[in-house]
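**Student:** The amino acid sequence is not available; the structure is as follows:
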């Protein structure tokens, strides 16, 4: 990898960080997508889309149907203004979105640019709503575009910036709103009422009994109560309550058992979101090739990982298209010290380049 290529990636990452592309800032989301469209449009066919106000861009080489997609998101979570001013400290580029995932976006964009003359069957997809579910980004684009394999250049779990891994599995997402009803009364005479909050707590505690005890990195379904509300005054028995729970599920999970249990406990529910797992065959030829390319570049073992969170890769999986997470090293996602380790750029770029050059021969 030439030094000027690395510098180009760093400068592009810094530029992308300056866009305050949060969900509450549609003008900045639009500006960021427009910037990328201008960049990619100089050497490819860049098409813009917008679904329910969320802009996206898909770039392909002229007259070439993509078989491989690089998939990134340009949106970031909210942060103070100073975090949108990128700063290099040692080997770290610090700023909102540096690792999640504007560094990966920049690597993908520069690689796509440098491979343009070869007219390989690859494309790039950049969206602006991954942090809020991805339904109006990849969730819509996947209805228009098909591929044989997709790579999201987001970071993976590692403690070594010179080692690269591939995430091939992610837990499914199941969000539920649970509602309970009671009977209002004065708190001094609780026997005259029925406490809806008490009922809600009992429902949640009963549900939690169906899940294993939580230990670090458990690959099993987990449950979390993330929001709860009920009651109007301390001296009143609440007659209604509700909570939103987050279930991350793995192989063998049966959502109908959960829903039936809620019904039997006398509560109502509303399914807010149900998304499938990302579940790839570790023997997939593209995964094995990417793994080999990573090991060629780093000289270290490239592991195939399971991840507890979810990403836009799941939309490809739902359509039967293999998709993985493979990107540079960094940490501090969504925090004030979020950073991209600049020493990981070269191995990531070179791995993806080697993969793209070899995958057309599979």
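**Tutor:** It's in. Please read all numbers here as calculations on a predicted model, not as lab measurements.
**Student:** do you know how far residue 264 is from residue 47?
**Tutor:** Using C-beta to C-beta, to the nearest Å, residue 264 is found at 50 Å from residue 47. The C-beta positions use only the backbone N, C-alpha and C, and glycine is treated the same way.
**Student:** One more: residue 339?
**Tutor:** 33 Å.
**Student:** Same drill for those two, tell me which one is more crowded.
**Tutor:** Between residue 339 and residue 47, counted using other C-beta atoms under 10 Å, the more crowded position is residue 339 (24 against 16).
**Student:** what's across from the more buried one in the sheet?
**Tutor:** Beta-bridge partners for residue 339, by DSSP bridges, are residue 94, residue 331.
**Student:** was I right about it contacting residue 331?
**Tutor:** Yes: Residue 339 is in contact with residue 331 according to C-beta atoms under 8 Å; the separation is 6.6 Å.
**Student:** And the strands in the stretch 151-300 of the chain?
**Tutor:** 166-170, 172-181, 185-186, 222-230, 236-237, 240-249, 268-275, 278-279 (DSSP state E, counting those that start in this stretch).
**Student:** Check those strands for me and report the most buried one.
**Tutor:** Ranked by mean neighbour count, the strands of the stretch 151-300 of the chain are led by strand 166-170 with a mean of 24 (mean count of other C-beta atoms under 10 Å).
**Student:** and that one, what does it pack onto?
**Tutor:** Packing contacts for strand 166-170, counted by 3 or more C-beta pairs under 8 Å, 6 or more residues apart in numbering; DSSP states H and E, involve strand 278-279, helix 285-298, strand 304-307, strand 323-325.
**Student:** Just the buried positions in the second one, please.
**Tutor:** Across helix 285-298, burial judged by 16 or more other C-beta atoms under 10 Å covers 286, 287, 289, 290, 291, 293, 294, 297, 298.
**Student:** circling back to that earlier point, give me the common contacts of residue 339 and residue 331.
**Tutor:** Listed as contacting both residue 339 and residue 331 by C-beta atoms under 8 Å, 6 or more residues apart in numbering are residue 99.
**Student:** List the contacts of the residue positioned nearest the centre of the chain.
**Tutor:** By C-alpha atoms, centre = their mean, the chain has its centre lying nearest to residue 311, at 2.7 Å. Contact analysis of residue 311 by C-beta under 8 Å, 6+ apart lists 130, 134, 152, 154, 170, 278, 325.
**Student:** Quick check: nearest residue in space to the fifth one, chain neighbours excluded?
**Tutor:** In other words, residue 170. Of all residues not flanking residue 170 in the chain, residue 278 sits nearest, at 3.9 Å (C-beta to C-beta, 6 or more residues apart in numbering).
**Student:** and what of the first one?
**Tutor:** If the residues on either side of it in the chain are set aside, residue 130 comes closest to residue 73, at 3.4 Å by C-beta to C-beta, 6+ apart.
**Student:** That neighbour touches residue 104, doesn't it?
**Tutor:** No: between residue 73 and residue 104 there is no contact under C-beta under 8 Å: 9.2 Å.
**Student:** who's more crowded, the two?
**Tutor:** More neighbours surround residue 104 than the other of residue 73 and residue 104, with 31 against 27 (other C-beta under 10 Å).
**Student:** how far away is that one from residue 72?
**Tutor:** From residue 104 to residue 72 the distance is 6 Å (C-beta to C-beta).
**Student:** what sits in contact with each of those two?
**Tutor:** 152, 153, 154.
**Student:** Looking at those residues, which is nearest residue 349?
**Tutor:** Nearest to residue 349 among the shared contacts of residue 104 and residue 72: residue 153, at 9.5 Å, using C-beta to C-beta.
**Student:** Run a quick neighbour tally on the closest one.
**Tutor:** By other C-beta under 10 Å, 23 other residues sit near residue 153.
**Student:** dump the residue contacts of it.
**Tutor:** Contacts of residue 153 by C-beta under 8 Å, 6+ apart are 70, 72, 101, 104, 105, 107, 108, 326, 327, 328, 348, 352.
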